[in-house]
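Visitor: Kindly generate the corresponding structure for this input.
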Amino acid sequence: MAGANKAIRRDEVSSAREVDGHVGSPTPSSHAGLISRFCTGAVLLLALSQVFCFLVISVFGFEDLPSQSEWVCRIAEAGQRCGDVFKNEVTHDKGAICRPGDCCARTAISSSGNLGDICTSDKFQCRNHKDPFSYGKCDLKNQCHKCSKNSKCHEDTSENGGVWCQCPPGGQGTGITCNIDPCKGNPCNNGICSQKKNNPSEFECQCYPGYTLVEDNLGRYKACVDYCGTGICGEGALRCINGESQHMCICKKGYVNQRLNGFDTCVKPDLCSVQPCGRPNAVVSCKTTSATTYDCECQAGFKKQKLNGRPYCAAAV
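Guide: Alright, predicted model coming up:
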């Protein structure tokens, strides 16, 4: 709903004046000119002890937000500027910002009919209270940083709109604050999930017997996995045992334990990897024939011989 203020005729405000940034009563003890009835209705003119007191009651259609949502800032009513801090005679920018929940209205404040900008809160005029109302431009670029990292930031560019934050379903908060239960959906799978005491946004897993905890190097992904059920030890395994934080492979004869891509497995040893046949210029090829034996083929000018029962290529005599 578009904001609106009823107009006041100049002949109705001949005795009105501004005192200490307030419209109405001449003494601080009677600053009743601006009260909490702003943003609810129309503009009234009252006479008190020969001094006129204005009640600016601005119609401002605040839209209902979804649950767990909160405004970060609101665009001033009808795009009016609110106080000197927002006036720009060069660019004529609109979109003055008051505090969340307040709107911006204009009313005559002198006998000449000059208009003053006020935030329609209890008693404050924007130009005399710049800091509390200086929120910057009300758009995604300048305001979304006020939303929780778990929330979604929205922008309503229509009249009386603004920027607001929404905490998603499953979270707890208003949008500006938003806590997500990291254990929702049981990310541990085969284990018990619990929030970390020092950081409720992170979780830790206590795996059931027979399952191993797996996580990446940054500790971001955690799950309890039955590694042995995947056959990770390979065909050379005699047995696989799931531990609390890692699994262990017990290998058959002729196989050895080796870590591949960070995981324990059973493989046939590659005896030729250490060049047991001799220097590369002496060897045509090396071939592993069993878990404990290998054979050599030698270059011309070299002859296969044995040293301690193992073949190698030596210069022919």
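Visitor: For the nearest residue to Cys144 once chain neighbours are set aside, which three-state class applies?
Guide: Closest residue to Cys144 apart from its sequence neighbours, by CB to CB, 6 or more residues apart in numbering: Cys153 at 3.8 Å. Just so you know, the C-beta spots here come from the backbone N, C-alpha and C atoms, and that holds for glycine as well. Per DSSP: H, G, I helix; E, B strand; the rest coil, the local secondary structure of Cys153 is strand.
Visitor: measure stretch 202-214 end to end?
Guide: 15 Å (CA to CA, to the nearest Å).
Visitor: Other residues contacting that stretch?
Guide: Outside stretch 202-214, the residues that touch it by CB atoms under 8 Å, 6 or more residues apart in numbering are 182-183, 187-188, 190-196, 221-228, 242-247.
Visitor: And these, which of them are buried?
Guide: Buried subset of the contacts of stretch 202-214 (neighbour count, 16 or more other CB atoms under 10 Å): 182, 188, 190-191, 193, 222-228, 242, 247.
Visitor: Mind picking the lowest-pLDDT entry from those residues?
Guide: pLDDT across the buried ones among the contacts of stretch 202-214 is lowest for Lys222, at 75.
Visitor: hmm, back to that, in strands, which of the buried ones among the contacts of stretch 202-214 fall?
Guide: Among the buried ones among the contacts of stretch 202-214, the residues falling in strands (DSSP state E) are Gly191, Cys193, Lys222, Ala223, Cys224, Val225, Asn242, His247.
Visitor: which residues does the last one contact?
Guide: Going back to what we said before, that points to His247. Listed by CB under 8 Å, 6+ apart, the contact set of His247 reads Thr212, Tyr227, Cys228, Ile232, Cys233, Cys240, Ile241, Phe263, Asp264.
Visitor: re the thing from before, want to throw the ones in strands among the buried ones among the contacts of stretch 202-214 into TSV with distance to Gly162?
Guide: Listed next are these as TSV, based on distance: CB to CB, whole Å:
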residue	distance to Gly162
Gly191	44
Cys193	38
Lys222	39
Ala223	41
Cys224	45
Val225	47
Asn242	54
His247	55
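Visitor: Go through these and say which is closest to Asp64.
Guide: Cys193 (35.4 Å; CB to CB).
Visitor: Beta-bridge partners for that closest one, please?
Guide: With DSSP bridges as the criterion, Cys193 is bridged to Cys205.
Visitor: residues contacting it?
Guide: If you count contacts by CB under 8 Å, 6+ apart, Cys193 has them with Pro182, Cys183, Asn186, Pro187, Phe203, Glu204, Cys205.
Visitor: Among those, show me the least confident.
Guide: Least confident of the contacts of Cys193 in the model: Asn186, at 83.
Visitor: Can you tell me the element that residue falls in?
Guide: Asn186 belongs to no helix or strand when elements are defined using DSSP states H and E.
Visitor: For the nearest residue in space to it that is not next to it in sequence, give its distance to Cys228.
Guide: Nearest residue to Asn186, sequence neighbours excluded (CB to CB, 6+ apart): Cys193, at 5.9 Å. As judged by CB to CB, to the nearest Å, Cys193 and Cys228 stand 22 Å apart.
Visitor: on that earlier part again, show me the contacts for the residue nearest to Cys144.
Guide: By CB under 8 Å, 6+ apart, the contact set of Cys153 is Val72, Leu140, Gln143, Cys144, Cys147, Val163, Trp164, Cys165.
Visitor: Same check on His154?
Guide: Val163, Trp164, Cys165, Gln166.
Visitor: Report the beta-bridge partner residues of it.
Guide: Going by DSSP bridges, His154 forms beta bridges with Trp164.
Visitor: Begin at 738, not 1, for the rest of this chat.
Guide: Yes, from this point I'll number from 738; that puts the last item at His891.
Visitor: one step back: do you know the pLDDT at the residue nearest to Cys881?
Guide: pLDDT, Cys890: 94.
Visitor: At which residues are the strands of the stretch 838-987 of the chain located?
Guide: Taking DSSP state E, counting those that start in this stretch as the test, the strands found in the stretch 838-987 of the chain are 841-845, 852-856, 889-893, 899-903, 908-909, 916-917, 928-932, 940-944, 949-952, 959-962, 974-979, 984-988.
Visitor: Count the residues that sit near the nearest residue to Asp876 once chain neighbours are set aside.
Guide: Leaving aside its sequence neighbours, Asp876 sits nearest to Glu892 (CB to CB, 6+ apart; 6.3 Å). Neighbours of Glu892 under the rule other CB atoms under 10 Å: 17.
Visitor: Over to the one 10 residues further on?
Guide: Using other CB under 10 Å, Cys902 has 26 neighbouring residues.
Visitor: for it, what are its contacts?
Guide: By CB under 8 Å, 6+ apart, the neighbours of Cys902 are 806-807, 809, 881, 883-885, 888-891, 911-913, 915.
Visitor: what does Cys961 give?
Guide: Going by CB under 8 Å, 6+ apart, Cys961 touches Cys925, Asn926, Asn927, Gly928, Cys942, Cys944, Tyr945, Tyr948, Thr949, Leu950, Val951.
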